[in-house]
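Trainee: Next input, structure requested:
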Amino acid sequence: MKAGISSWNQRIAPVFDVSREMLVVEIESGRIVGHSRQELPRESGWYKVDRLNKLSIDTLICGAISRPMQELITAQGIKVHSFIAGNIEEVKEAWLHDRLVEKRFAMPGCGHGRKRRRCGGRFDQRFKL
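Mentor: Modelled structure (predicted):
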């Protein structure tokens with residue numbers, strides 16, 4: 001399994017649609033067996049989706065993402081964890097141990113302390129309080 005983590009300055013990139021770099025993490029038997037930094041195309045839309053496919057990404061972890069971009073990516077069978085914030089290493093470990101739902105990884109301004117978050121124009125109930 002491979003995860004792509006949209007990155008900028010050792011943190012999750014704030015907006016995937018315009019991000020230029022990604023950490024690719026390869027997992028086998030629940031352990032990280034490899035990682036590499038990869039450039040993303042400057043163009044949005046199909047160019048980024050094509051790059052994810054060429055890298056065999058199964059899961060994308062990113063900050064904010066437009067609805068059309070997320071729909072393009074999920075249509076390719078790639079799972080998207082969006083509106084995530086934090087240090088790349090901490091997010092990587094949280095994903096590996098299924099802890100991305102912790103509110104410390106929620107993007108600021110996404111309704112902390114509420115039962116439902118509103119981010120990207122949709123309600124999101126995945127974050128635990």
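Trainee: can you list contacts of the helix or strand hosting Lys92?
Mentor: Using DSSP states H and E, Lys92 sits in helix 88-96. When contacts are defined by CB atoms under 8 Å, 6 or more residues apart in numbering, helix 88-96 is touched by residues 3, 5, 7, 10-12, 23, 25, 27, 30, 32, 59, 61, 81, 84, 86, 99-100, 102, 105. Backbone N, C-alpha and C define where each C-beta goes, glycine included.
Trainee: Enumerate the positions of that helix that are buried.
Mentor: For helix 88-96, a neighbour-count test (16 or more other CB atoms under 10 Å) marks Ile88, Val91, Lys92, Ala94, Trp95 as buried.
Trainee: How many residues are close by Val24?
Mentor: Val24 has 17 neighbours, counted by other CB atoms under 10 Å.
Trainee: so when I look at it, I'm seeing a strand, right?
Mentor: Yes. Counting by DSSP: H, G, I helix; E, B strand; the rest coil, Val24 is located in a strand.
Trainee: that older thread, now do the same for the helix holding Lys92: mean pLDDT, whole number.
Mentor: Across helix 88-96, pLDDT averages out at 94.
Trainee: Of the contacts of helix 88-96, just the buried ones, ChimeraX syntax please.
Mentor: Of the contacts of helix 88-96, the buried ones go into a single ChimeraX selection, burial set by 16+ other CB under 10 Å:
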select :3,5,7,11,12,23,25,27,59,61,81,84,86,100,105
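Trainee: Helices - which of the contacts of helix 88-96 land there?
Mentor: Judged by DSSP state H, helices contain none of those.
Trainee: can you tell me which of the contacts of helix 88-96 are in strands?
Mentor: Of the positions in the contacts of helix 88-96, Ala3, Ile5, Ser7, Arg11, Ile12, Leu23, Val25, Ile27, Ile32, Thr59, Ile61, His81 sit in strands, assigned by DSSP state E.
Trainee: Pick out whichever of these sits closest to Arg42.
Mentor: Set against Arg42, the nearest of the ones in strands among the contacts of helix 88-96 by CB to CB is Ser7 (15.6 Å).
Trainee: tell me the contacts of the closest one?
Mentor: Counting by CB under 8 Å, 6+ apart, Ser7 has contacts Ala13, Ser19, Glu21, Met22, Leu23, Arg37, Ile88.
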